[in-house]
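S.K.: Fold the following and give me the result.
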Amino acid sequence: MSLVLALKNRNSIIAASDSPTPTDGSLAFGQFMNVPGRAILLLAGNLAAVQRPIVETVLPKLTASTSAATLAQLIQAALVLEVVPHLAGMAGRVEIIVAGIDPVRHTEEPGLYYLDSAQDFYLQPILGQFVAAGANAAVAEVIGDQDLTAATDDDLINLAKECITTTKLRWPTSVAQHVQFGVISPVRTRILNF
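M.R.: Residues are numbered from 1 along each chain as shown. Down below sits the predicted model:
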């Protein structure tokens, strides 16, 4: 299973995903999707189980003004209607992270959301500073109780790299060789490949 994670500071979010090959983070369906509205969608697990509802139901509704919260709600609604009734017959697990910018009281703030097929895709807003899915056993240990609010984007990227490297060292086959990062801020989204 892959590793996807998102970390946030006061102003921005770093989304990270391992990948078998580097990609441009376009809207093509996969475990790292740069979607309209300054958001990144991260998926881990049985991606095929959620591909149709996300591609056919959710993606056509997105605009440049779609917030991360709205994206998470659209995904939850599509999955509850189309996937949850068939969970008993679904192979594996699917975890989804929505990382992006949300308008809050005339300002914009980073927002993180988590959905898990093991919990019937119940939408969980993440109040903490990070969320991880997939092969994530080492992530909480690496981040610990660090306060990320004052961290720079580079600090968050380095911390995400450390999480992925630690996971790769402990479980070499669980993480792919390439890493993709998305730096989401109120102004723009940048995609980086390593």
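
S.K.: what are the ranges of the helices in the chain?
M.R.: Ranges of helices within the chain are 48-52, 68-82, 139-143, 153-170, based on DSSP state H.

S.K.: and among these, the most buried is which?
M.R.: Between those, helix 68-82 has the highest mean count of neighbours, a mean of 20, where neighbours are mean count of other CB atoms under 10 Å. From N, CA and C alone the C-beta is placed, and that goes for glycine too.

S.K.: Now find how far off-centre it is within its chain.
M.R.: Computed by CA atoms, centre = their mean, to the nearest Å, the separation of helix 68-82 from the middle of its chain amounts to 14 Å.

S.K.: Please work out which residues outside it touch it.
M.R.: Where contact means CB atoms under 8 Å, 6 or more residues apart in numbering, the residues beyond helix 68-82 that reach it are 35, 37-39, 41, 50, 52-54, 57-58, 61-62, 96, 98-102, 111-113, 115, 120-123, 125.

S.K.: Narrow those to those in strands?
M.R.: Judged by DSSP state E, the contacts of helix 68-82 include 35, 39, 41, 96, 98-102, 111-113, 115, 125 as members of strands.

S.K.: one step back: Asp18: which of the helices of the chain is closest?
M.R.: Each of the helices of the chain was checked against Asp18 via CB to CB, and the shortest separation belongs to helix 153-170, namely 6.1 Å.

S.K.: other SSEs contacting the closest one?
M.R.: For helix 153-170, the contact count by 3 or more CB pairs under 8 Å, 6 or more residues apart in numbering; DSSP states H and E identifies strand 3-8, strand 13-19, helix 139-143, strand 178-184 as packing neighbours.

S.K.: Pairing partners for the second one, with directions?
M.R.: Strands adjacent to strand 13-19 in the sheet, as given by DSSP bridges, are strand 3-8 (antiparallel), strand 178-184 (antiparallel).

S.K.: in it, what counts as buried?
M.R.: Residues of strand 13-19 classed as buried under the neighbour-count rule (16 or more other CB atoms under 10 Å) are 13-19.

S.K.: what's the closest of those residues to Leu7?
M.R.: When these are compared for distance to Leu7 (CB to CB), Ile14 comes out closest, at 5.0 Å.

S.K.: per-residue confidence at the closest one?
M.R.: Looking at Ile14, its pLDDT stands at 95.

S.K.: Across the sheet, point out what pairs with the closest residue in space to Leu192 that isn't next to it in sequence.
M.R.: Leaving aside its sequence neighbours, Leu192 sits nearest to Phe181 (CB to CB, 6 or more residues apart in numbering; 4.4 Å). According to DSSP bridges, the partner residues bridging Phe181 are Ala16, Leu192.
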